[in-house]
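Undergrad: sequence first, then the predicted structure:
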Protein chains: 2
Amino acid sequence: MSDGPTTPATDIVLAEWAREIQPSALQKMLLASSRPNILSLALGLPAAELFPAEDYTRALAQVLATDTRALQYGPPFTPLKKHIVALMAERGVKCEEDQIFLTAGAQQGMNLLVRLLLEPGGTVIMEELTYTGFQQVLEPYRPNILTVPTDTETGIDVSAVESLLMKGARPALIYCVTHGHNPLGSCISASKRARLVELAERYGVPIIEDDPYGFLSYEETAEPPMRAFDSQWVLYVGTFSKIMAPALRVGWIIAPQSLMHCLSIIKEASDIDMSTLNQRAISAYIEAGHLEAHLARLRREYKLRRDTMLKALREHFPAEASWCKPSCGVFIWAELNAELKTDELLERALIEEQVAFIPGEAFCAGEGGKESASRSMRLNFSHCSTALIEEGIARLARVLKAALSSTASSSSSAPRSSL
Amino acid sequence: MSDGPTTPATDIVLAEWAREIQPSALQKMLLASSRPNILSLALGLPAAELFPAEDYTRALAQVLATDTRALQYGPPFTPLKKHIVALMAERGVKCEEDQIFLTAGAQQGMNLLVRLLLEPGGTVIMEELTYTGFQQVLEPYRPNILTVPTDTETGIDVSAVESLLMKGARPALIYCVTHGHNPLGSCISASKRARLVELAERYGVPIIEDDPYGFLSYEETAEPPMRAFDSQWVLYVGTFSKIMAPALRVGWIIAPQSLMHCLSIIKEASDIDMSTLNQRAISAYIEAGHLEAHLARLRREYKLRRDTMLKALREHFPAEASWCKPSCGVFIWAELNAELKTDELLERALIEEQVAFIPGEAFCAGEGGKESASRSMRLNFSHCSTALIEEGIARLARVLKAALSSTASSSSSAPRSSL
């Protein structure tokens, strides 16, 4: 049976899809960019120095001292749902406690919804450039993925969605990040949001609205998520990871009450659907009135970091690069109008300047949009201080200029045969 | 399109398997037995008054005050793996840190392993009576389940497993609870353990060894789990839920190092594979030396509760009932040698005496063993105080005797046609 020395140490037979899985780009980057000498603009990490550690410690201590059920098995913690209803109301979303399903973060939220909606081999509509974590959620289902283009300013191409639906596509779901798109940093424009919701209703296709960044809005008037306009077809996924802390692993789904029972069964099979200590502690933290001031501080500080990165890009980046100003979220997407692959650029950046970003191609959900994505990079502005952001962009600009000049000289010395 | 008033409020089309899912027996019991007036011997809950709340609060506060990465995204917390290696060594298991995979509890551990090993429609061997949570894990795969009988004292019928394998069955996995079987409370005998491991090796079939209760052993010499005898084919699942607290959601898998990468990818897609605050706090709690004394206290207290329940059963239960003395875990399985369905008995118990247990049939994985299971009940002795255990068994005995006498009188007044 053995094929010789290349046979793995274990002979356990894995499920077919597991035999083919590859490390995600984010995992590779997590490794490379987590080396201590690297200045990383790669991952979507919140600022560690802004975590509400002291207030959260007090909330935990209070819960553990006063609530004997805090460490026990028990149903999901209802008072937290009440706080989420209030939080969502600030975003213009009207929902009820019995439409809130508590999860272990947004990633689990997406996982539960996909398991609920998608048959193996079923169809999904998503953008050409999409959060890689959602692509990972889909993998075991081996779905038929229909991609549509994305505008870096106004978001998903709704006409392309409509065209697919008109031609008869009946996907199990459409996946969207309405605000602070990952990786583009864009928001779906108001008119596109309205049209997309209308399409979902007309064709009976649910939208998974993934909203990790919607609370991090840097404009005076924040736009509401799609869930504000439809309570039936828009399945909203929220999380405390970006507005409190990722290591708490608490998020939520907003969905029709009729789906709660199924979600509960799927979650029970996944990791036991119960109240975690953090559900109670987050609730106590909000109850104590800390979240509003904390959110205001995060928005103020991240806005400053965004503006610092935009200024540094203008100052240091070459004319071949362009980018948009995100009104929300933690990412800036920069595209190079030059024959330069950003995955190759990353290697040079790590070696020559110890600076990291994520190459655009990592987010491609198919072949569409690959050419421009391969010339693009995702830059995060939430994690580093303003000083490090300036330094990081300056370093990256040096690598970029060096690469551009060597590309120019190599292509002049050895011109390609097909141009 | 509408079928009239029976159409659900939402028209979202769910995946086929989700349309058919039913609430688990445990969920129903959680609801019924969580009513405040019910004395519940139903669920496998740890004793809330024994949770290490104070020491754990200190561990949390210390971590949050000193480790800036405690709330951030980051790789699974390696120092906790070192502690798990030491814990397992006490059980006779030799393993390395790079064979430990941290999970959000044992339920997630099983979920990840099943996703790794099982194709949709694949084959699984398990006992006729099995932890319902594992049956839920399997459901989406619509597997071919081959069941084997279980002896209430010595565990899984290994000859039946061998017979299936000899006849050509090649399951993706065999599922076992070696110590403190749920629901039987039994341990697999030493000779059976050795034979089962030998079969796994000979036929190349991995065993998922689910071990939530193995650390709760009430004998002088605790037997090692199967993982002690094989590091290749036995995939071990452990958890802090029963030895510290369930609401922490931290457990572990021990598996060959070659599987770690795949597990990491599956977990990343499930809920992001990262270090949670509780991974660090549990590690700090163990580092401070608390776990050993805490475990000793749990074993002492649970042994007392087990013995109290056994004494109460002897004193109050009728001659038609029989049970075994578990050396490990939190359950006693009582079988009635009478024509009395325990699911019907439960209804009477809840109404007449406000006492709850889980009817044996809830644990059936197929048709095999159903007859005796339907005359059996699972009784938990970890959750209630000794006073409540005595009271609960006395109440249950009253219901039982009343039911037996009404069965006797009804069958004498209206004898069945087929006896």
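TA: Received it, and whenever you're ready, just let me know what you need.
Undergrad: run through the residues of the stretch 251-400 of chain A sitting next to chain B.
TA: A:256-259, A:261-262, A:264-266, A:268-272, A:274-278 (Cβ under 8 Å from any Cβ of the partner chain). Backbone N, C-alpha and C define where each C-beta goes, glycine included.
Undergrad: assumed A:S270 was part of a strand.
TA: No - if the criterion is DSSP: H, G, I helix; E, B strand; the rest coil, then A:S270 is helix and not within a strand.
Undergrad: pull the contacting residues for the residue of the stretch 251-400 of chain A found nearest chain B.
TA: Chain B sits closest to A:A269 of the stretch 251-400 of chain A, with a gap of 3.8 Å, by Cβ to the nearest Cβ. Neighbouring residues of A:A269 by Cβ atoms under 8 Å, 6 or more residues apart in numbering or on different chains: B:107, B:111, B:133, B:136-137, B:139-140.
Undergrad: on that earlier part again, and the buried ones among the residues of the stretch 251-400 of chain A next to chain B, selectable in ChimeraX?
TA: In ChimeraX syntax, the buried subset of these is picked out as below (16 or more other Cβ atoms under 10 Å in any protein chain shown):
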select /A:256,257,259,262,264,265,266,268,269,270,271,272,274,275,276,277,278
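Undergrad: helix or strand right after the lowest-mean-pLDDT helix or strand in chain A?
TA: Between all helices and strands in chain A, the lowest mean by mean pLDDT, DSSP states H and E belongs to helix A:25-33, at a mean of 62. Downstream of helix A:25-33, the first helix or strand assigned by DSSP states H and E is strand A:39-40.
Undergrad: now that following strand: average pLDDT?
TA: Averaging pLDDT along strand A:39-40 yields 94.
Undergrad: for A:R91, which non-adjacent residue is closest in space?
TA: A:P224 (5.7 Å; Cβ to Cβ, 6 or more residues apart in numbering or on different chains).
Undergrad: show the pLDDT at the one you found.
TA: With respect to pLDDT, A:P224 has a value of 95.
Undergrad: for it, give me its contacts.
TA: A:91-93.
Undergrad: for the stretch 51-200 of chain A, what lies in contact range of chain B?
TA: Near chain B, when you scan the stretch 51-200 of chain A using Cβ under 8 Å from any Cβ, you find A:51, A:53-54, A:56-57, A:60-61, A:64-65, A:68-75, A:104-105, A:107-108, A:111, A:115-120, A:122, A:133, A:136-137, A:139-140, A:172.
Undergrad: from those residues, which land in helices?
TA: A:53-54, A:56-57, A:60-61, A:64-65, A:107-108, A:111, A:115-117, A:133, A:136-137 (DSSP state H).
Undergrad: any of those buried? List them.
TA: Using 16+ other Cβ under 10 Å, the buried ones in these are A:53, A:56-57, A:60-61, A:64, A:107-108, A:111, A:115-117, A:133, A:136-137.
Undergrad: quick one: which two of the residues you listed are the most distant?
TA: A:A61 and A:L117 (40.3 Å; Cβ to Cβ).
Undergrad: now the helix or strand containing A:A281: average pLDDT?
TA: Following DSSP H and E, one finds A:A281 within helix A:277-287. Helix A:277-287 carries an average pLDDT of 98.
Undergrad: for that helix, give me every contacting residue.
TA: In this structure, residues lying in contact with helix A:277-287 by Cβ under 8 Å, 6+ apart are A:52, A:55-56, A:59-60, A:62-64, A:67, A:70-71, A:76-77, A:79-80, A:83, A:102, A:240, A:244, A:248-250, A:291, B:245, B:247-248, B:277-278.
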